[in-house]
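In: Would you be able to build a 3D model of this:
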Amino acid sequence: MADQQYTDYEIINGITQPKLTPYWQIKAIASELHGQLWLYLQGKPYRVIESYALSLEIDSADVYKPDVYVVSTPSYDAQSSKFTGLPDLIVEIITPEDGIICYTDKFMAYTEARVPEYWIINTYTKTVQTYILNGERYDTRLYFENDTALVESLNGCKINLQKIFSADLF
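Out: Residues are numbered from 1 along each chain as shown. As a prediction, this is how the structure comes out:
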């Protein structure tokens, strides 16, 4: 893959972390996922957001840029271009450069905030690891590229992973 540049940042645990410009494949996956979620959410009180332009502020100290997230009661601050509050679903699409952050720092932050559902899409293994809040703990599921993934927090929403991992992207 081509060289990437740091053009953005996140603030995780109070520390500014540079964020790489996503590979075109990651943008394509995020767009496909956004489209499937958008179609399902038509007429429902939710918004699906790709965060290339919008940050997510779960608490006052940290600013995140998940690849895709879904909010049911958004609070948008136009001056800072941030949504505040707790999303129903957060999706991170990992690269080798930022994968460890998604599995450690962001995972801890999202679970401490009690985000109802967190997905990690791994473009290299073509898998989706989901974490679903169930009472006081998170249940996990692993989906593969030919599966249909259920979005537990969006009652009945199903994501066609074959389209997410379509061969023309890799």
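In: Now the nearest residue to L150 once chain neighbours are set aside, what are its backbone angles?
Out: Of all residues not flanking L150 in the chain, K158 sits nearest, at 5.8 Å (C-beta to C-beta, 6 or more residues apart in numbering). Glycine gets a C-beta too; all of them are placed from N, C-alpha and C. For K158, the backbone dihedrals are phi -120, psi 140 (criterion: degrees, to the nearest 10).
In: pretty sure D139 is in contact with E117, am I right?
Out: No: contact status for D139 versus E117: not in contact, 10.0 Å apart, counting by C-beta atoms under 8 Å.
In: what residues are shared contacts of the two?
Out: Taking C-beta atoms under 8 Å, 6 or more residues apart in numbering as the contact rule, the neighbours common to D139 and E117 are Y131, I132.
In: Tell me which of these two has more neighbours.
Out: Each of D139 and E117 has its neighbours counted (other C-beta atoms under 10 Å); E117 has more, 20 against 11.
In: In the sheet, which residues pair with the more buried one? Tell me.
Out: On the basis of DSSP bridges, E117 is bridged to I132.
In: ok now do it, which residues does it touch?
Out: Contacts here follow C-beta under 8 Å, 6+ apart; on that basis E117 touches D88, L89, I90, T130, Y131, I132, L133, V151, E152, S153.
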